[in-house]
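Peer 1: mind folding the following:
(one chain, ligands or ions: 1)
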Amino acid sequence: MPTTRLPTHWQQSRHLPLLVGLCTAALAMLLAWVVIDISHTKARTEIVARAQSHLLEIRDRLDRQLQSTLSVPETVAAFVAAQGHMPPEIFASVVGRLLESQRNIRNLALAPDNVITDIYPRLGNEKALGLRYLDNPQQRGAVERAIQTRRTVVAGPIQLVQGGLGIVSRTPVFLVGVPGAAVVAEPRYWGIVSLAVNADTLFADVGLNTEQAGFQVAARGLDALGAQGAVFVGRASLFDEKPVTLDVPLPGGGSWILGAVPVGGWKAAGSAPALVVMLSYVFALLLGLLSAWLVRAHQQVLALASHDRLTGLPNRRLFEDRLSQAVLAAHRDRRAGALLLVDLDGFKAVNDSMGHGSGDQVLVRVGQRLAGLARANDTAARLGGDEFALVLNAVSSPQAAMEVAQRIIQDMVAPIGLDNGEHVRVGVSIGVAVFQGDAAEALPALIDRADQALYASKRAGKGQATLAAPAELHTYATQPMNGPTSR
Ligand SMILES: Nc1nc2c(ncn2[C@@H]2O[C@H](COP(=O)(O)OP(=O)(O)OP(=O)(O)O)[C@@H](O)[C@H]2O)c(=O)[nH]1
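Peer 2: Below is the predicted model:
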C-alpha cells in the first residue's frame with residue numbers, strides 16, 4: 001500500500017495553477033495598493049501638518065506687525081482723548097516721530113466728526129483731506145462699527161482714496177471730560193484716528209504673498225468678513241482646492257482666513273511616483289506567474305510519483321490506491337469489480353530482435369490500447385516491465401470480466417506500427433480475479449489470485465485469459481449482481 005497520500009483530483013486539476021496564480025497576483029496587488037495608500041495618507045498628513053505650521057508662522061508675524069502698527073493710532077487717540085484736540089504742529093511732530101520705525105504705515109489721519117482734517121505725511125495724501133467717512137460707502141461700515149464698539153476696527157484691504165492698496169484701522173476717540181474737573185461727564189464722541197497701512201509691503205514682510213516652504217498661500221475675508229469676505233491675496237481659486245485654513249482674528253472683531261495648498265496641488269503631493277506604483281503592480285503580476293508556475297511544477301512532480309514515465313499510465317502505486325478504492329466501493333455498494341493482470345507474451349524477443357527503443361514503442365502502444373478499453377471509472381495501469389493491469393470498477397458477473405479480457409486479447413493481436421515503418425505483433429496473457437462486495441479479502445490476496453490466474457494462462461500456452469478461483473468464504477452470485485454495472 002502507498003505510504004504517502006496520493007494527489008487528489010483537485011490537486012491535479014489543470015485549472016489549479018491558473019487559480020493560484022490569479023489569487024496570488026490579486027492579493028499582491030491588493031497589498032501593494034494598501035501599502036501605497038497608507039504611505040500616501042501618511043505623507044498627506046505630514047503635508048497638512050507642515051501647511052498648518054506654515055500658516056501659524058504667518059499669522060504670528062501678522063499679529064506682531066498689526067499690534068506694533070496699531071499702537072501708533074492708539075497713542076495718538078489717547079493724546080486727543082486727554083487734550084480734547086491735537087494742534088497741527090504737534091500732530092506733525094508727534095506722528096512723524098512715531099512713524100520713524102514703522103515702514104509699512106502709509107499715513108495717519110485725524111477725522112474729528114468723521115471728516116479728515118489733518119493727515120501725516122501730507123505729501124502724496126492731500127486727496128484724502130476733507131474725506132467724509134459716513135458719505136463713503138466703502139469706508140462707512142468700519143467707522144460705524146468702531147463708534148459702536150468703542151474699539152479699534154481693522155478693515156480692508158481697500159483701495160485708498162489717495163491710491164494704492166491699504167489696510168486701514170479706525171480708532172474712535174471719546175473725550176473723557178475736562179482734566180481736573182470735579183464731575184466726570186459721560187464720554188463724548190470726538191471723531192476717528194485713522195491709519196492706512198501699505199498692504200503690499202506688510203504682506204511681503206509676513207511672507208503672505210510669496211510661495212514659501214512648498215506652499216501657495218492666499219487670504220480672504222475682505223473687511224474682516226472671514227469666510228464670507230472676498231479673496232485679497234493670492235489666487236481666489238485656491239479656496240476651491242481644499243486648502244488647509246487658519247483664522248486670523250482681527251482687532252475690533254471679524255477675521256481673515258488664510259489658506260494654503262502645496263505647490264503643484266494635492267494630487268501630486270505625497271503620491272508615490274508613478275514608476276513605483278507601476279513596478280509594484282508588475283511585481284504583483286510576476287508573483288502571480290511565479291506561484292502558478294510553482295504549482296504546475298509541483299503537480300508535475302506529483303504526477304511523476306504516481307504515473308509511469310514511458311506510457312503516462314498510473315504506476316503501481318496509483319494502481320494499488322485505485323484498486324483499494326474499487327474494492328471499498330464494491331463493499332459499500334454490495335456489487336462486484338474485477339482485476340485483470342495483463343502480461344505481454346514474447347516481449348523479450350521484440351526487444352532482442354528490434355531493439356529496446358522499438359520495445360518501448362510497443363509498450364506505449366499496448367498502454368494506449370488498454371486505456372482505450374477502460375471506462376471512465378476503470379483504471380488502466382502499467383505495473384512495470386511488460387506487465388499491465390486493468391481495474392474494472394463494476395462488473396455484473398465473472399463472465400462479464402472474462403469478456404473484457406477476451407476483448408483485450410483480440411485488440412492486442414492487431415499489428416503495432418513502429419516509427420521505423422516496421423510492424424510487430426504481440427500477444428497477451430491475462431489473469432482475471434473478481435472481487436465481491438460481500439467478501440472480506442485483503443488487497444495482496446486479491447492481487448495474488450489474479451497473478452496465479454495469469455501464471456495459469458502462461459502455462460496453458462499464452463494468448464488467453466484465466467478466471468481466478470473465487471476468494472475464500474465467498475460464493476459467486478448465480479444471478480446478475482445488484483448495483484451500477486454495465487458490463
Ligand atoms: N523496451 C523495454 N523493455 C523492457 C522494459 N521493462 C522491462 N523490459 C523487458 O521486458 C522483458 C520482460 O521479460 P519477460 O516477461 O520474461 O519476457 P517475455 O518474453 O514477455 O516472457 P513471457 O512473459 O514468458 O512471454 C525483459 O526482456 C525486460 O528487459 C522497458 O521499459 N522497455
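
Peer 1: start to end distance for stretch 211-224?
Peer 2: 24 Å (Cα to Cα, to the nearest Å).

Peer 1: distance from that stretch to the middle of the chain?
Peer 2: Distance of stretch 211-224 from the chain centroid (Cα atoms, centre = their mean, to the nearest Å) equals 35 Å.

Peer 1: next: stretch 140-150.
Peer 2: With Cα atoms, centre = their mean, you get 57 Å for stretch 140-150.

Peer 1: mind listing what's buried along it?
Peer 2: 141, 142, 143, 145, 146, 147 (16 or more other Cβ atoms under 10 Å). From N, CA and C alone the C-beta is placed, and that goes for glycine too.

Peer 1: secondary structure, distance to the ligand and pLDDT added to those, as a markdown table?
Peer 2: Formatted as a markdown table, those follow (DSSP: H, G, I helix; E, B strand; the rest coil; distance: Cβ to the nearest ligand atom, whole Å; pLDDT from 0 to 100):
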| residue | secondary structure | distance to the ligand | pLDDT |
| --- | --- | --- | --- |
| 141 | helix | 107 | 87 |
| 142 | helix | 108 | 86 |
| 143 | helix | 113 | 92 |
| 145 | helix | 108 | 89 |
| 146 | helix | 111 | 92 |
| 147 | helix | 115 | 94 |
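
Peer 1: of those, which is the nearest to residue 228?
Peer 2: residue 141 (13.5 Å; Cβ to Cβ).

Peer 1: need the residues that contact stretch 121-140.
Peer 2: With contact meaning Cβ atoms under 8 Å, 6 or more residues apart in numbering, stretch 121-140 is reached by 96, 106-107, 109, 111, 114-119, 143-144, 155, 158-163, 168, 170, 192, 194.

Peer 1: filter those residues down to the buried ones, PyMOL style.
Peer 2: Selection of the buried residues among the contacts of stretch 121-140 in PyMOL, burial being defined by 16+ other Cβ under 10 Å:
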select buried, resi 106+107+109+111+114+115+116+118+119+143+155+158+160+161+162+168+170+192+194
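
Peer 1: list the contacts of the residue in the chain that the ligand sits nearest to.
Peer 2: With Cβ to the nearest ligand atom, the shortest gap between the chain and the ligand falls at residue 359, namely 2.7 Å. Contacts for residue 359 (Cβ under 8 Å, 6+ apart) come out as 347, 350, 351.

Peer 1: all helices of the stretch 101-250 of the chain, in order?
Peer 2: 137-149, 199-206 (DSSP state H, counting those that start in this stretch).

Peer 1: reformat those as CSV; add distance to residue 399.
Peer 2: What follows is the helices of the stretch 101-250 of the chain, written out as CSV (distance: least, Cβ to Cβ, whole Å):
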stretch, distance to residue 399
helix 137-149, 116
helix 199-206, 109
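
Peer 1: any idea which helix or strand comes after the biggest helix by length in the chain?
Peer 2: Counting by DSSP state H, the longest helix found in the chain is helix 16-83. Later in the chain than helix 16-83, the nearest helix or strand by DSSP states H and E is helix 88-98.

Peer 1: now that next one against helix 16-83, angle please.
Peer 2: Relative orientation of helix 88-98 versus helix 16-83 (axes from the mean of the first three to the mean of the last three Cα atoms, to 10 degrees): 150 degrees.

Peer 1: hmm, who's touching helix 88-98?
Peer 2: Contacts for helix 88-98 (Cβ under 8 Å, 6+ apart): 72, 75, 76, 79, 86, 108, 110, 118, 120, 121.

Peer 1: what residues does this structure put near the ligand?
Peer 2: Counting by Cβ under 6 Å from any ligand atom, the chain comes close to the ligand at 310, 343-349, 351, 356, 359-360, 363, 385-386, 458.

Peer 1: which among those residues gets closest to residue 289?
Peer 2: The closest of the residues of the chain next to the ligand, once distances to residue 289 are taken by Cβ to Cβ, is residue 310, at 31.4 Å.

Peer 1: so that closest one, which state does it fall into?
Peer 2: Secondary structure for residue 310, judged by DSSP: H, G, I helix; E, B strand; the rest coil, is coil.

Peer 1: how near is it to residue 296?
Peer 2: Using Cβ to Cβ, to the nearest Å, one obtains 22 Å as the distance from residue 310 to residue 296.

Peer 1: look at these two and report which has more neighbours.
Peer 2: residue 296 (16 against 12; other Cβ atoms under 10 Å).

Peer 1: right, and residue 377 touches residue 395 too?
Peer 2: No - between residue 377 and residue 395 there is no contact under Cβ atoms under 8 Å: 11.4 Å.

Peer 1: same drill for those two, tell me which one is more crowded.
Peer 2: For the pair residue 377 and residue 395, the greater number of neighbours falls to residue 395 (26 against 15), based on other Cβ under 10 Å.

Peer 1: partner residues bridging that one?
Peer 2: residue 336 (DSSP bridges).

Peer 1: now do it against residue 404, distance only.
Peer 2: 8 Å.

Peer 1: also residue 195?
Peer 2: 115 Å.

Peer 1: and the spatially closest residue to residue 61 that is not a sequence neighbour, how many neighbours does it have?
Peer 2: Using Cβ to Cβ, 6 or more residues apart in numbering and skipping residues adjacent in sequence, the residue nearest residue 61 is residue 206, 4.0 Å away. When neighbours are defined as other Cβ under 10 Å, residue 206 has 18 of them.

Peer 1: equivalent analysis for residue 357, please.
Peer 2: 11.

Peer 1: backbone dihedrals for residue 255, please?
Peer 2: phi -160, psi 170 (degrees, to the nearest 10).

Peer 1: show the pLDDT at it.
Peer 2: At residue 255, the pLDDT value in this model is 91.

Peer 1: is it in contact with residue 220, as I believe?
Peer 2: No - with contact defined as Cβ under 8 Å, residue 255 does not reach residue 220; the gap is 10.0 Å.

Peer 1: neighbour count for the two, which is higher?
Peer 2: The neighbour comparison of residue 255 against residue 220 (other Cβ under 10 Å) goes to residue 220, with 22 against 17.

Peer 1: gap between residue 236 and residue 259?
Peer 2: For residue 236 relative to residue 259 (Cβ to Cβ), the value is 10 Å.

Peer 1: need the overlap of contacts for those two.
Peer 2: In contact with both residue 236 and residue 259: 218, 220, using Cβ under 8 Å, 6+ apart.

Peer 1: of those two, which one has the most company?
Peer 2: residue 259 (25 against 11).

Peer 1: is the more buried one in contact with residue 215, as I believe?
Peer 2: No - with contacts defined as Cβ under 8 Å, residue 259 does not count as touching residue 215, sitting 9.7 Å away.

Peer 1: then stretch 105-125 to CSV, C-alphas only?
Peer 2: Taking Å, rounded to 0.1, in the frame of the first residue of the first chain, the C-alpha atoms of stretch 105-125 are listed here in CSV:
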residue,chain,number,x,y,z
ILE,A,105,2.4,102.8,7.6
ARG,A,106,1.3,105.0,4.7
ASN,A,107,-0.4,107.7,6.7
LEU,A,108,-2.2,108.6,9.8
ALA,A,109,-5.2,110.9,9.7
LEU,A,110,-7.3,112.9,12.3
ALA,A,111,-11.0,112.9,11.5
PRO,A,112,-13.0,115.0,14.0
ASP,A,113,-16.7,114.4,13.4
ASN,A,114,-15.7,111.7,10.8
VAL,A,115,-14.1,114.2,8.4
ILE,A,116,-10.4,114.1,7.7
THR,A,117,-8.8,117.5,8.7
ASP,A,118,-5.2,116.5,9.1
ILE,A,119,-3.0,113.8,7.6
TYR,A,120,0.6,112.8,8.0
PRO,A,121,2.6,112.8,5.8
ARG,A,122,0.7,115.4,3.7
LEU,A,123,2.8,114.8,0.6
GLY,A,124,1.0,112.3,-1.6
ASN,A,125,-2.0,112.1,0.7
